[in-house]
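return a 3D structure for these sequence lines:
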Amino acid sequence: MTGGEGAAQGFTGQGLAARARELAANRVPFVHAKVVRAQVPTSAHPGDEAIVLADGAIDGFVGGVCAENSVRTAALGALRDGGSVLLRVLPEGADTFPESPGARIVVNPCLAGGALEIFLEPMLPPPLIEVVGRTPVADAFVALADVLGYATSRALPGPLPEHTAAVVVASHGRDEEAALRAALDAGVGHIALVAGRRRGTAVLDGLGLTEAERSRISTPAGLDIGARSAPEVALSLLAEFVAVLRAGGG
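Below you'll find the model as predicted:
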């Protein structure tokens, strides 16, 4: 089933919840759509819900084909923008629902009648950070990242997971060069090397990097907060990642 061509599938209740858990576990972005108000005549009822995928496929039910097309378009916009939307789907010439902040109204001339109010919530996987090393700093980073809701992995020296947002190398000399090279080759948005200024420079010199590649690696990594303990260093690394992420670079 693809794009705007597919019809909604018959997932309801627990089946739809299981599908949502499966998608989340596999880090697949989707939009959860739920009917919160309906005016007769309409085929959907409050509580009807569906999942909309990035290719436009819909699992579940939020109305007939006319309403479904409006939901698909709005859901793809919500996935792109990352914000929730209260969608009001109205037939031509209908009285509108009262205006409220955060709502989007679409007039669908092919609706046979009635009106729908559907809440669209993007379910986006959290940023994934590859952590290299089994050091106190690396372990503290994983623990703090979990508190902030970020996902972490320790896949290197194996293949990097798809859509890795950052690689933090905190291995104190072990496998640093290979990890940095893998992160550069994968096009990772933020690469951090935990090392002193002199040693960090020596590691980058040894890799024979281009100036463009060198500029993509932060070392000494982390914001300067006067960190001394391993958890404080991890906090400075996460603060740097958050700054890069919110600036659009992660």
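
now do the helices in the chain.
13-25, 65-81, 136-147, 176-185, 197-207, 211-215, 230-246 (DSSP state H).

for the last one, packing partners?
What that stands for is helix 230-246. helix 136-147, strand 164-169, strand 190-193 (3 or more CB pairs under 8 Å, 6 or more residues apart in numbering; DSSP states H and E). For the C-beta atoms, the positions are set from N, CA and C on the backbone; glycine is no exception.

tell me the strands beside the last one, with direction?
So the one you mean is strand 190-193. Strand 190-193 pairs in its sheet with strand 164-169 (parallel), strand 217-218 (parallel), by DSSP bridges.

could I get the buried residue list for it?
Burial within strand 190-193, assessed by neighbour count using 16 or more other CB atoms under 10 Å, is assigned to 190, 191, 192, 193.

ok, the longest one next?
Using 16+ other CB under 10 Å as the burial criterion, the residues of helix 136-147 that qualify are 137, 138, 139, 140, 141, 142, 144, 145.

contacting residues around it?
For helix 136-147, contacts defined as CB atoms under 8 Å, 6 or more residues apart in numbering pick out 129, 131-132, 151-152, 168, 170-171, 194, 230-231, 233-235, 237-238.

looking at the residues you listed, spot the one nearest residue 46.
Set against residue 46, the nearest of those by CB to CB is residue 151 (33.8 Å).

which strand residues bridge that closest one?
According to DSSP bridges, beta-bridge pairing links residue 151 with residue 128.

can you pull the contacts of it?
Shown in contact with residue 151 (CB under 8 Å, 6+ apart): 27, 125, 126, 127, 128, 129, 145.

which regions of the protein lie under the pLDDT threshold?
Filtered on pLDDT under 70, the chain yields the residue ranges 1-12, 93-102, 108-113, 249-250.

related to what we said a few turns ago, now the strands paired with strand 190-193 in JSON lines, with mean neighbour count and distance to residue 242?
Listed next are the strands paired with strand 190-193 as JSON lines, based on neighbours: other CB atoms under 10 Å; distance: least, CB to CB, whole Å:
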{"stretch": "strand 164-169", "mean neighbour count": "26", "distance to residue 242": "10"}
{"stretch": "strand 217-218", "mean neighbour count": "20", "distance to residue 242": "13"}
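
make TSV out of the ones you listed and add distance to residue 247.
Below are the strands paired with strand 190-193 laid out as TSV (distance: least, CB to CB, whole Å):
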stretch	distance to residue 247
strand 164-169	13
strand 217-218	13
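
now, of the contacts of residue 151, which are buried?
Members of the contacts of residue 151 classed as buried by 16+ other CB under 10 Å are 125, 127, 128, 129, 145.
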